[in-house]
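Asks: Pasting the sequence and the predicted coordinates here, then a few questions.
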Amino acid sequence: MQSQVFFDPNTIIASHLAIEGIDIGTSFRKLQEEAAPVISDAKKMLTLHLLPCFLAANYIWDVTYQLPGMSDDGHAVVQAALSVPVLRLSDHLVLLCRSLLHDLKSKGYISSRDTKSREQDTLLVLFQQASQKLPIRFLPFKHLRNEDTHAHSVLDSLLTFVFPAFHQRYELHWANRASDGSRARRTGDALKPDATVVKDGFELGFVEVKPPREERHQRAYLEDVWALSGFAKDGIDLHLRHSRILTTAPCLHVFGFQMTLYQLSFQAGIYIWQDVYTSYLPKDRYDSGNIIECVELIKTFKAIMDEAETGRYIRTPTKCVEDDHELPDLFRPRPTNVSPSKRPFFGHA
């Protein structure tokens with residue numbers, strides 16, 4: 001197969017991003033220049049080792065990857081500055097969890113309680129759902145043949161705790177439809193996340209799910225991470241083109257039993273990809289530790305979207321995107337240079 005150039009280093013748009021006094025823009029440009037020949041070689045397969053190169057072609061920096069010329073201390077400082085705090089359950093909610101777990105073990109069911117807050121009430125409902133959907137003993141999920149069954153057996157009840165039905169501002173869509181950002185960038189081959197979270201009518205969060213039978217497949221894992229980063233970037237770009245200052249998109253990746261929260265944020269021309277937190281799905285009704293950690297992870301997922309100001313604009317929104325003037329460089333989307341449709345080994349059309 002003859003190599004075909006997909007990413008020309010001469011087209012790189014420089015960034016002046018600095019974090020804690022450390023020049024990120026120059027180091028990231030070096031990464032892009034090193035990535036160019038890798039991306040341009042059509043024989044190169046996407047691997048975990050090469051993932052930072054493919055992300056860099058789309059102006060995405062995986063923070064876990066140390067940039068060329070960056071010292072270990074400098075990398076640690078930047079990681080600390082970009083870290084996203086995980087929202088922990090309050091002490092009274094943890095005590096409530098232990099009480100509910102005691103009910104399950106002693107009675108086999110959750111008894112009714114007089115709750116004093118919405119969080120307590122939804123936590124009670126969550127344990128009630130877990131007691132109905134999860135078995136008494138370890139659940140291997142071997143009988144779950146597809147991701148839909150896997151998602152709705154456990155994940156849906158966890159998400160419902162944070163995104164209850166008929167929420168005034170949030171909607172959780174499990175419908176497997178093309179994302180708005182992907183549809184805006186592509187013609188006829190828009191990609192579909194397994195779920196999206198909409199706030200005030202705008203897509204902000206994305207979810208990808210793979211059942212346990214695929215958790216040993218590295219390719220499936222890489223395709224999901226690549227897809228999530230693409231959904232998030234396309235979503236941010238769409239908002240910026242409409243002059244909305246929505247520069248952060250959280251992503252939830254459920255891969256087998258593992259659930260990971262990622263965040264993509266746009267800062268001065270670089271999209272920063274962060275692995276925020278990882279927890280594991282509960283495997284039986286007594287697995288309260290994992291239930292609590294999953295709830296904390298999803299609460300953090302929502303907290304990132306809570307900070308998004310959907311009514312904030314760079315300028316008065318235009319009637320038509322094509323009529324808008326060029327955005328200030330700080331809010332100008334960077335081009336997508338590598339997409340699944342250009343490389344056959346991504347597995348998507």
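Replies: Alright, I've got the coordinates.

Asks: With only the CA atoms kept, save the longest helix seen in the chain in PDB.
Replies: What stands out as the longest helix in the chain, according to DSSP state H, is helix 218-241. Taking Å, rounded to 0.1, in the frame of the first residue of the first chain, the C-alpha atoms of helix 218-241 are listed here in PDB:
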ATOM      1  CA  GLN A 218      -7.400  -3.600  22.400                       C
ATOM      2  CA  ARG A 219      -8.700  -2.400  19.000                       C
ATOM      3  CA  ALA A 220     -12.200  -2.000  20.400                       C
ATOM      4  CA  TYR A 221     -10.800   0.000  23.300                       C
ATOM      5  CA  LEU A 222      -8.800   2.300  21.000                       C
ATOM      6  CA  GLU A 223     -11.700   2.800  18.700                       C
ATOM      7  CA  ASP A 224     -13.900   3.900  21.600                       C
ATOM      8  CA  VAL A 225     -11.300   6.300  22.900                       C
ATOM      9  CA  TRP A 226     -10.700   7.700  19.400                       C
ATOM     10  CA  ALA A 227     -14.400   8.100  18.900                       C
ATOM     11  CA  LEU A 228     -15.000   9.800  22.200                       C
ATOM     12  CA  SER A 229     -12.200  12.300  21.600                       C
ATOM     13  CA  GLY A 230     -13.700  13.000  18.100                       C
ATOM     14  CA  PHE A 231     -17.300  13.500  19.500                       C
ATOM     15  CA  ALA A 232     -16.000  15.900  22.100                       C
ATOM     16  CA  LYS A 233     -13.800  17.900  19.700                       C
ATOM     17  CA  ASP A 234     -16.600  18.100  17.100                       C
ATOM     18  CA  GLY A 235     -19.000  19.200  19.800                       C
ATOM     19  CA  ILE A 236     -16.700  21.900  21.000                       C
ATOM     20  CA  ASP A 237     -16.000  23.100  17.500                       C
ATOM     21  CA  LEU A 238     -19.700  23.300  16.700                       C
ATOM     22  CA  HIS A 239     -20.300  25.500  19.800                       C
ATOM     23  CA  LEU A 240     -17.400  27.700  18.900                       C
ATOM     24  CA  ARG A 241     -18.600  28.200  15.300                       C
END
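
Asks: how about stretch 275-283 as PDB, C-alpha atoms only?
Replies: This file holds the C-alpha atoms of stretch 275-283, laid out as PDB (Å, rounded to 0.1, in the frame of the first residue of the first chain):
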ATOM      1  CA  ASP A 275      -8.200  10.800  32.200                       C
ATOM      2  CA  VAL A 276     -10.000  12.100  35.200                       C
ATOM      3  CA  TYR A 277     -11.100   9.000  37.200                       C
ATOM      4  CA  THR A 278     -11.700   5.300  36.800                       C
ATOM      5  CA  SER A 279     -14.100   3.100  38.700                       C
ATOM      6  CA  TYR A 280     -15.700  -0.400  38.200                       C
ATOM      7  CA  LEU A 281     -19.300  -1.400  37.800                       C
ATOM      8  CA  PRO A 282     -20.900  -3.300  40.700                       C
ATOM      9  CA  LYS A 283     -21.100  -7.000  40.000                       C
END
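
Asks: Not counting that stretch itself, show me its contacts.
Replies: Contacts with stretch 275-283, where a contact means C-beta atoms under 8 Å, 6 or more residues apart in numbering, come from 63-64, 84, 86, 130, 134, 138-141, 154-155, 158, 250, 254, 257-263, 288, 290-291, 293-294, 296-297, 300. For glycine as for every other residue, the C-beta is placed from the backbone atoms N, C-alpha and C.

Asks: returning to what we had before: identify each buried residue in the longest helix of the chain, please.
Replies: Neighbour counts over helix 218-241 (16 or more other C-beta atoms under 10 Å) mark 220-241 as buried.

Asks: Strands along the stretch 101-250 of the chain, start to end?
Replies: Remark: strands assigned in the stretch 101-250 of the chain by DSSP state E, counting those that start in this stretch are 170-173, 195-199, 202-210, 248-255.

Asks: What is the third one packed up against?
Replies: Think strand 202-210. Using 3 or more C-beta pairs under 8 Å, 6 or more residues apart in numbering; DSSP states H and E, the elements in contact with strand 202-210 are helix 147-150, strand 195-199, helix 218-241, strand 248-255, helix 288-306.

Asks: quick one: strands adjacent to the second one?
Replies: Right, strand 195-199. strand 170-173 (antiparallel), strand 202-210 (antiparallel) (DSSP bridges).

Asks: between those strands, which one is nearest to L55?
Replies: Ranking these by proximity to L55 (C-beta to C-beta) places strand 202-210 first, at 15.8 Å.

Asks: List of residues touching the closest one?
Replies: Residues outside strand 202-210 that contact it (C-beta under 8 Å, 6+ apart): 147, 150-151, 155, 179-181, 193-198, 220-221, 224, 227-228, 231-232, 235, 239, 244, 246, 249-256, 301, 304-305, 308, 310.

Asks: Let's see it as PDB, backbone CA atoms only.
Replies: C-alpha atoms of strand 202-210 as PDB (Å, rounded to 0.1, in the frame of the first residue of the first chain):
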ATOM      1  CA  PHE A 202     -27.000  21.500  23.600                       C
ATOM      2  CA  GLU A 203     -25.000  18.300  23.500                       C
ATOM      3  CA  LEU A 204     -22.300  18.400  26.100                       C
ATOM      4  CA  GLY A 205     -21.500  14.900  27.300                       C
ATOM      5  CA  PHE A 206     -20.800  11.600  25.400                       C
ATOM      6  CA  VAL A 207     -20.900   7.900  26.400                       C
ATOM      7  CA  GLU A 208     -19.500   4.800  24.700                       C
ATOM      8  CA  VAL A 209     -20.200   1.300  26.000                       C
ATOM      9  CA  LYS A 210     -18.500  -2.100  25.300                       C
END
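
Asks: Fine by me, we can end here.
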